[in-house]
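Peer 1: Would you be able to build a 3D model of this:
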Amino acid sequence: MSVCAIALLSLWCVRFFVYILLPHTMALRALSALRSATAARSFARVSIATRAYSSEQLSDADFDAKWKAYFEDQSHDEHAIRRGLNDLFAQDLVPEPVILEQALRACRRVDDFATTVRIFEGVKDKAADDATYQVVVNQLQPVIKELELTLPEELGF
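Peer 2: Numbers count the residues shown, from 1 in each chain. Sure thing, here's the model as predicted:
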């Protein structure tokens, strides 16, 4: 290998290091710093968000009264009723029949048949077994007949 070829190779290696490897290394360091800063910020956000939750615990009677009053409110449209049902079914419980009765009446008031079927599907999903679901449906039979509702089983679901 000639001296000229060695010099050219050395120059190429220096340029490769300066223009390719060095910026890449600096970019990796910057990316690593950015990741750690983002992780620290997201951790701070999570810890702040957990402190913002309410620690209010309602008794069973207050819980039932709250949701019964919510669904009795005449000003709620179908979207507000669905939002309330979503919040209600997000709880780790099977709603009491008195709450479900008011929810079914609210759905009938806004003429939302599909949501009445969804209520029964939600109860079936939340119930521990079919016997629990049947108890709730049996307690709601007078309302089902009065409002002329259809159960998901009658629709083939």
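Peer 1: only C-alpha atoms for contact and neighbour calcs from this point on.
Peer 2: Noted.
Peer 1: and residue 149, helix, strand or coil?
Peer 2: Using DSSP: H, G, I helix; E, B strand; the rest coil, the structure places residue 149 in coil.
Peer 1: Tell me, how many residues neighbour it?
Peer 2: Summarising burial for residue 149: neighbours were counted as other C-alpha atoms under 10 Å, giving 15.
Peer 1: Once you drop chain neighbours, what's closest to it?
Peer 2: residue 116 (7.5 Å; C-alpha to C-alpha, 6 or more residues apart in numbering).
Peer 1: Following element in sequence after the helix or strand hosting the one you found, please.
Peer 2: Element membership of residue 116, judged by DSSP states H and E, is helix 113-126. Under the assignment DSSP H and E, the closest C-terminal helix or strand after helix 113-126 is helix 130-139.
Peer 1: mean confidence for that following helix?
Peer 2: Averaged across helix 130-139, the pLDDT comes to 95.
Peer 1: Dump the C-alpha coordinates for it into PDB.
Peer 2: Only the C-alpha atoms of helix 130-139 are listed here, as PDB (Å, rounded to 0.1, in the frame of the first residue of the first chain):
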ATOM      1  CA  ASP A 130     -76.900 -16.700  35.300                       C
ATOM      2  CA  ALA A 131     -78.900 -17.000  38.500                       C
ATOM      3  CA  THR A 132     -77.900 -13.500  39.500                       C
ATOM      4  CA  TYR A 133     -78.900 -12.200  36.100                       C
ATOM      5  CA  GLN A 134     -82.300 -14.000  36.300                       C
ATOM      6  CA  VAL A 135     -82.900 -12.500  39.800                       C
ATOM      7  CA  VAL A 136     -82.400  -9.000  38.500                       C
ATOM      8  CA  VAL A 137     -84.500  -9.600  35.400                       C
ATOM      9  CA  ASN A 138     -87.300 -11.100  37.500                       C
ATOM     10  CA  GLN A 139     -87.300  -8.100  39.800                       C
END
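Peer 1: I am finished for the moment; much appreciated.
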